[in-house]
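Student: quick check, what structure comes out for this input:
(chains A, B and C)
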Amino acid sequence: MSQDTVNAKTTIEAAGRISRSALPSRLFAIAKHGFSILLTFVGLTAITFIIGRVMPADPVLAIVGDRASNEVYEAMRLQLGLDKPLIQQYLIYLSNILQGDFGTSIMTTRPVLDDIIRFFPATLELATIATIFGVFLGIPMGVLAAVNQGRLIDHVIRIIGLFGYSVPIFWLGMVALLIFYAGLGWLPGPGRIAVYYDGIVEARSGIILLDSALQGEWEIFWNALHHLVLPASMLATFALAYIARMTRSFMLDQLNQEYILTARVKGLSEGAVIWRHAFRNVLVQLITIIGLTYASLLEGSVLTETIFAWPGIGQYITTSLFNADMNAVIGGTVVVGICFVGVNVLSDILYRIVDPRSHD
Amino acid sequence: MTLKSVALATAFAVAAAMPMAGPANAGTPKNMLIMAKNIDDLITLDPAEVFEFTGGEVIANVYDRVMMFEPEDLTTLVGGVTESHTISDDGKTIVFKVRAGQTFHSGNPVTAADVAFSLRRVVKLKKTPSFILTQFGWNKGNVDGLIKTVDAMHVSVTMAADFSPGLLLNALSAGVGSVVDMKEVMKHAKDGDFGYGWLKNHSAGSGAYSLQTWNANEIVSLSAHAGYRHGAPAMGRIVMRHVPEPAAQRLMVEKGDADMARDLTPDQIKGMMGNADIVVGDYPKAALIYMATNNAHPILGKDKVRQAIRYVVDYKGMADSFLAGQYKIHQAFWPSGLWGSLGETPFEMDLAKAKALLAEAGHGSGFEIVIDTLKKSPYPEIAQSVQAALAKIGVKSQIILSEGKTLWPKYRARKHQLIVAQWSPDYVDPHSNADAFAHNPDNRMEAKLTGKLAWRTSWENPSINAMTESAAKELDLVKREKLYMDLQRKVQMDGPFTVMFQKSEQVASRKNVKNFVSGANFDLVFYRTITK
Amino acid sequence: MTDQPTETGLKEWLLSDTPQSVAQARCQRLYLAWLSFSANPIAMLGLTIIVVLVGMAAAAPLLTGGDGTEQALANRLQPPSIAHWFGTDELGRDIYDRIVWGARITLYIVGLVAIIVVPIGLLVGTVAGYVGGWVDIILMRVTDIFLAFPRLILALAFVAVLGPGLENAVLAIALTTWSPFARISRAETLTIRNAEHILAARVQGASTARIIVHHVTPLCLSSVIVRLTLDMAGIILVAAGLGFLGLGAQPPLPEWGAMISTGRQYMLDQWWVATIPGLAILIVSMGFNLLGDGLRDVLDPRSGGTS
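Tutor: Purely as a prediction, here's the structure:
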């Protein structure tokens, strides 16, 4: 059975257990959950930190360059605190993080936190729009396929979905650029916005669409929207495929059950059967799926951002990795990790709220 | 619900498909030059710290230097911020006269104090390029006494080591010779850092442009300095947009979204040949691609093996195919087109000879090595070409492609076997490359002369060392040139280096862009002459 | 069955109602599974693609002129033609040859990852689920850490540490892929743990290890295999992504992702250099997904999708 159905099932059991016990132990459960999340974080930072120090790319050379004499090299090494024992370095780093100081990025010479605030909204933009598309197109497609199981429309939708998540997104992006930018000229090329618009809109939320709309700069708004189309479509293809597939799977689960037969026998219209009964029950599991999709788009954006020169967190982390800019890598990874876990926790919570079975 | 969501999706699609609002492909604004370039090597804009290509180019346009090469005549060294100089009889002191009437971007006047401050600052901060000045014997203890102001408009510079004054003048035309605005910089100084923290991403110069914005890996934006000594430049703004993909650069310049594309490959240039809107300029550069073997390697260190390697390279095949137009064959360590260069190319591909040499060295049955090089084109292609040729003489090789930051540590730790890399002079004087390729006064591991290629390759030749040192001191220009030619011949024959190609940058620009000047060295690039 | 002519030997043996041995019963189960699998056209399509892939990889020397590393600088970037079915790349190598030999690399990656990931996932999951308590908590926290890590970035980081190369890429992918399998195994183990035959085995004195290996693991196997096949496409895509970023197979190996990467700069005029490897990845990826879907329909009819 699909992993997600399994997840759903264990969560239902857990939810049931919680509502049965008294309030203090419910709080205890939440605390335990919170503690385990914290532990996951520490583990995350530790692993990333170790990776950083074990990397063959030299962070000192990244700053001083290949021509540096040994003297300059050693001076910088001391300055970066790389001569201290590993554990001490890690503890210093951890205590800094807790105070909100992620260190300075070698590459951008700015504090990593500033960089993350700059780059994260770009990725959020892509992931959000792609997920919205995935949801509004994928769910209806999935329902349609399930309802018409075995017929042509079902096969067609399954193939479309299959394509969506078998295709290497970076390749699709390249081909799309070739066709729509180079060939037809319908859409603009790589980048988030045209160069001459850069810096005009004050970055309040970091999301150009929002900022430009709020400040009434409509030319910039449309320009940004046009630049969004291709990269968002690439990610949307994947989101759509995945959501449609899962929706279909869940709907089939439901449609094969007795209560549906009962509802039909009772004379309810097909529409009511599908949407008011089957789909309602599926909604709960879909929330987990949508959460998973969003999270995986956040971290999967790396390749798309590379192709489209999109200044997001994915390419920030990757470029920093190649430049041995470990503060940036750890900072970026921790933030993405937080989102990942955060989205999962959120959907867990939503799930428990919405799931009728957990309300005993 | 289905209908609604379909409607929504269609609305999005329609909105996106609307014809582009705004200047629909009307090209770039008239007084702004937009350059598509890969600027990911830019990590600092402090002239005391800049040592890489993009940074070097930017500060060349933001700061005037003590001595300069001007775009109107790239072969003659003239005064930049200084208008004249006198050399003492013993050749150890030069007194410079600062031009009157120059202003910094802040409005402050340029004085001798600024010049002295700028040079002292380089020595005291001791960043990577400081060796260009500290090689003259200056350190933070003595520099205040040796570089000082004589009066408001005169600076005196005294060397504490034996070098030809011609070398000193050339060194002062490097990035470390940039003159910064002392008052402005010290306003932002913290904890005695001479403004280092601030100048990293700001500017305080007197050049044709001032720095408006730098967002790493995104954009560099310069704006014109109206009070520049040669007059305000034609382009009011210069914008360098980070476009890491050469293919994307090409598209941008073809569609008019950019005025210039700087990193196009030979294949892309060929693909644009028919385009009437694009003009391709060729600019010979001083960058060399070379191969180096590790002399400490038991097999590669043998004389005959070292020589055999030189005959395994398909110079002509590569230069005529994937390198055509951007790299030409050059086999000496000082690039052609500069004073002191050697044009002789004694080597060509000769597998039979290579195999014979290997047999003479006792390795006729072949051996295995690792080839390290960079990930960017054309290095992987060159490495694969060498790999295929080596295979034909019985040498099996494995290629490892890495980023620079991963490769340099390996090279500096002498852990490579065969490496294909690039070298560009730090300043325009043959000593810059001689010091790297030929000079290795102390081959011990502890000496850590990691800035020298001869040390990295564990190659020590006392007579060549001596030759390098005397050439650096030689006062007679004719004799000095001859010494460098001889030195290059010796290194060609005996050294662990196989110099293969010299770069020629090809810049594709829109046909209305004119007068872009790009000289041999990486920082001899001028924006102030550009017109549209 | 009485008014039909008696079935010939093998088929009768496979279809008989009364299997004479455990082995026969197993064969029968497999045969019936195969029948239902082959009735599904989509699954068969997937199987066909994979069979072609394996065939291509195995017969590579027979199907190609060289091993895809022969350079011919004078012949570079030629469009598809009779001489070169898919054209030539930037060093004059035949792309068709490289695609066929690249199939070996693809299979190598997928196979190696599977061999590493399944045992580890099963081990961690079953032990955690069966033993419970602190062991469970610790193992699950470790699993969660790996799950919380952005997958591609973790793979990138590992390869960056280990150095580029095919084996290191495989290791990195394996490290990022094993956690869901542990989760699945654990979930299955939790449901099975209190089943009657497990309790019976325990009462009979079977050790924990024996129970886990002989009783619990086989029951988890089908979910794990389904998940593996479904994940294979994902593995291929991650491998291609790593190859695209230059972290996988090093030149001159014809790894498809790396081929797309080098072909990228020629996209405008010589589109075939980058497009064809991408198509290959797409087709193989789809094949594995189709196969996985089919397998799931057969092995796990509860999850919906049977016709």
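Student: how would you label residue A:295: helix, strand or coil?
Tutor: Recorded secondary structure, residue A:295: helix (DSSP: H, G, I helix; E, B strand; the rest coil).
Student: ok, how many other residues are close to it?
Tutor: Residue A:295: 23 surrounding residues under other CB atoms under 10 Å in any protein chain shown. C-beta here means a position set from N, CA and C on the backbone, and glycine is covered the same way.
Student: tell me who's in contact with it.
Tutor: Residues near residue A:295 by CB atoms under 8 Å, 6 or more residues apart in numbering or on different chains: A:339-340, A:343-344.
Student: got the domain ranges for chain B?
Tutor: B:32-227+B:511-526, B:285-505 (automatic domain parsing).
Student: just to revisit the earlier point, turn the contacts of residue A:295 into TSV, including secondary structure, distance to chain B and neighbour count.
Tutor: Below are those laid out as TSV (DSSP: H, G, I helix; E, B strand; the rest coil; distance: CB to the nearest CB, whole Å; neighbours: other CB atoms under 10 Å in any protein chain shown):
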residue	secondary structure	distance to chain B	neighbour count
A:339	helix	22	20
A:340	helix	24	25
A:343	helix	22	20
A:344	helix	25	20
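Student: ok, the closest residue to residue B:349 other than its chain neighbours - contacts?
Tutor: Of all residues not flanking residue B:349 in the chain, residue B:314 sits nearest, at 4.8 Å (CB to CB, 6 or more residues apart in numbering or on different chains). Contact analysis of residue B:314 by CB under 8 Å, 6+ apart lists B:349, B:385-386, B:389, C:73.
Student: now, the most widely separated pair of those?
Tutor: B:386 and C:73 (12.4 Å; CB to CB).
Student: of these two, who's got more company?
Tutor: Neighbour count, other CB under 10 Å: between residue B:386 and residue C:73, residue B:386 has more, with 25 against 18.
Student: which helices and strands does the host helix or strand of residue A:238 pack with?
Tutor: Element membership of residue A:238, judged by DSSP states H and E, is helix A:218-255. Here helix A:218-255 touches helix A:3-20, helix A:112-147, helix A:152-166, helix A:169-176, helix A:208-214, helix A:280-307, helix B:2-17, going by 3 or more CB pairs under 8 Å, 6 or more residues apart in numbering or on different chains; DSSP states H and E.
Student: same list (these) but as a markdown table, adding distance to residue A:45 and mean pLDDT.
Tutor: As requested, the helices and strands packed on helix A:218-255 are arranged in a markdown table below (distance: least, CB to CB, whole Å; pLDDT from 0 to 100):
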| stretch | distance to residue A:45 | mean pLDDT |
| --- | --- | --- |
| helix A:3-20 | 25 | 48 |
| helix A:112-147 | 13 | 89 |
| helix A:152-166 | 31 | 87 |
| helix A:169-176 | 29 | 88 |
| helix A:208-214 | 31 | 79 |
| helix A:280-307 | 16 | 81 |
| helix B:2-17 | 39 | 50 |
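Student: would a markdown table of the ones you listed with distance to residue B:495 be doable?
Tutor: Compiled in a markdown table, the helices and strands packed on helix A:218-255 are given as follows (distance: least, CB to CB, whole Å):
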| stretch | distance to residue B:495 |
| --- | --- |
| helix A:3-20 | 60 |
| helix A:112-147 | 43 |
| helix A:152-166 | 53 |
| helix A:169-176 | 42 |
| helix A:208-214 | 54 |
| helix A:280-307 | 39 |
| helix B:2-17 | 59 |
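Student: for the stretch 51-200 of chain B, what spans make up the helices?
Tutor: Ranges of helices within the stretch 51-200 of chain B are B:53-62, B:112-125, B:131-134, B:143-146, B:165-171, B:182-187, B:196-199, based on DSSP state H, counting those that start in this stretch.
Student: do you know which of the ones you listed lies nearest chain C?
Tutor: helix B:53-62 (19.5 Å; CB to the nearest CB).
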